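Colleague: The sequence and its predicted three-dimensional model are supplied below.
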Amino acid sequence: MNIEQHTLKQFDEELESLRSSVMEMGGLVEEQIKLALDALSSGDLALCDQVGESDHKVNAFEVDIDEEIGTIIARRAPAAIDLRFLLGVKNLITDLERIGDEADKIARMTKLIYSSEQIKLPRTKEIRNMSGLAIEMLRNALDSFARLDLTATAEVIQKDDIVDEEFKAVLRQLITHMMEDPRTISMSIEILFIAKAIERIGDHAKNIAEYVIYMVKGKDVRHVSREEIKRQAEG
């Protein structure tokens with residue numbers, strides 16, 4: 001589904017520019033996550049610094065896009081699908097900014113893990129699967145936004161349940177490690193913070209998918225059943 005063509009070509013250009021800015025912000029956020037996870041698995045702390053630097057850029061994107069939305073609303077007085085699009089984008093960029101914050105949290109926890117004298121390198125295989133799922137959710141949610149196509153939105157929302165189950169599994173495993181060897185407590189708690197950050201990334205990706213449904217259908221599906229979300233996405 002595409003945004004309707006308008007009599008004023010400049011309005012179309014403004015909306016397309018806004019969409020492009022959101023996708024650029026989303027790409028930067030996805031790169032933040034990958035850098036943070038690469039740092040965790042490799043111990044390359046220079047990558048953590050790159051995540052922090054990117055976080056400032058993400059924050060600037062949010063401010064600039066928010067201002068652009070305000071300008072468009074004031075100048076064009078949009079209605080119907082255009083207004084929904086703009087309001088949806090306003091919410092969407094908030095979730096993107098928060099995903100960036102979670103990536104920065106992963107980087108900060110990674111620094112703590114590697115800068116302290118741990119008895120061994122951190123176990124990361126427990127969170128590898130859930131991090132891959134969360135990144136895939138974000139990518140698919142942004143792709144749905146770029147095309148205003150609901151094909152993948154229901155799947156994104158359903159995968160959030162899988163990420164939640166993966167987090168619970170990681171929690172159980174870390175508790176076991178701490179009980180078996182108290183010397184792993186500090187590192188396990190830091191890994192737990194990382195796992196929680198990944199789980200929150202999945203939550204924000206789910207939110208983005210829900211905003212896309214709102215943009216296209218005009219339906220707020222944030223507090224409805226999975227079955228209703230699927231019906232809206234496929235109907």
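Modeller: Cool, the structure landed.

Colleague: CA only for contacts and neighbour counts going forward, please
Modeller: Fine.

Colleague: Report pLDDT for I175.
Modeller: On pLDDT, I175 comes in at 92.

Colleague: again, but for Q50
Modeller: 96.

Colleague: count of residues packed around it?
Modeller: When counting by other Cα atoms under 10 Å, one arrives at 16 neighbours for Q50.

Colleague: again, but for A197
Modeller: So A197, with other Cα under 10 Å, has 21 neighbours.

Colleague: I figured it hits D104, correct?
Modeller: No: using Cα atoms under 8 Å, A197 is not in contact with D104, being 9.3 Å away.

Colleague: burial count for R75?
Modeller: Using other Cα under 10 Å: R75 sits among 10 other residues.

Colleague: and it, what element?
Modeller: Secondary structure from DSSP states H and E places R75 in helix 45-76.

Colleague: ok, now I208?
Modeller: Going by DSSP H and E, I208 is part of helix 185-217.

Colleague: elements contacting that helix?
Modeller: helix 80-115, helix 125-147, helix 153-180, helix 226-234 (3 or more Cα pairs under 8 Å, 6 or more residues apart in numbering; DSSP states H and E).

Colleague: switch the cut-off to 6 Å
Modeller: Packed against helix 185-217, as judged by 3 or more Cα pairs under 6 Å, 6 or more residues apart in numbering; DSSP states H and E, are the following elements: helix 80-115, helix 125-147, helix 153-180.

Colleague: JSON lines please, covering the ones you listed and showing mean neighbour count and distance to K57.
Modeller: Listed next are the helices and strands packed on helix 185-217 as JSON lines, based on neighbours: other Cα atoms under 10 Å; distance: least, Cα to Cα, whole Å:
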{"stretch": "helix 80-115", "mean neighbour count": "21", "distance to K57": "10"}
{"stretch": "helix 125-147", "mean neighbour count": "20", "distance to K57": "18"}
{"stretch": "helix 153-180", "mean neighbour count": "18", "distance to K57": "26"}
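
Colleague: mind checking the SS state of T151?
Modeller: Here T151 is recorded as coil under DSSP: H, G, I helix; E, B strand; the rest coil.

Colleague: Counting neighbours, what do you get for it?
Modeller: For T151, the neighbour count with other Cα under 10 Å is 15.

Colleague: Please report the distance of it from G88.
Modeller: To G88, T151 is 18 Å away according to Cα to Cα, to the nearest Å.

Colleague: And for H204?
Modeller: 14 Å.

Colleague: related to what we said a few turns ago, and K9, which of the helices and strands packed on helix 185-217 is closest to it?
Modeller: For K9, the closest of the helices and strands packed on helix 185-217 is helix 80-115, at 14.2 Å, according to Cα to Cα.

Colleague: Helix or strand: which one has the nearest residue to I72 once chain neighbours are set aside?
Modeller: Of all residues not flanking I72 in the chain, E14 sits nearest, at 7.6 Å (Cα to Cα, 6 or more residues apart in numbering). Using DSSP H and E, E14 sits within helix 9-42.

Colleague: buried residues in that helix?
Modeller: 11, 15, 18-19, 21-23, 25-40 (16 or more other Cα atoms under 10 Å).

Colleague: Next: stretch 201-221.
Modeller: Neighbour count says stretch 201-221 has 201-216, 218, 221 buried, by 16+ other Cα under 10 Å.

Colleague: Please compute how far stretch 55-63 lies from its chain's middle.
Modeller: Once both centres are worked out by Cα atoms, centre = their mean, to the nearest Å, stretch 55-63 turns out to sit 14 Å from its chain's centre.
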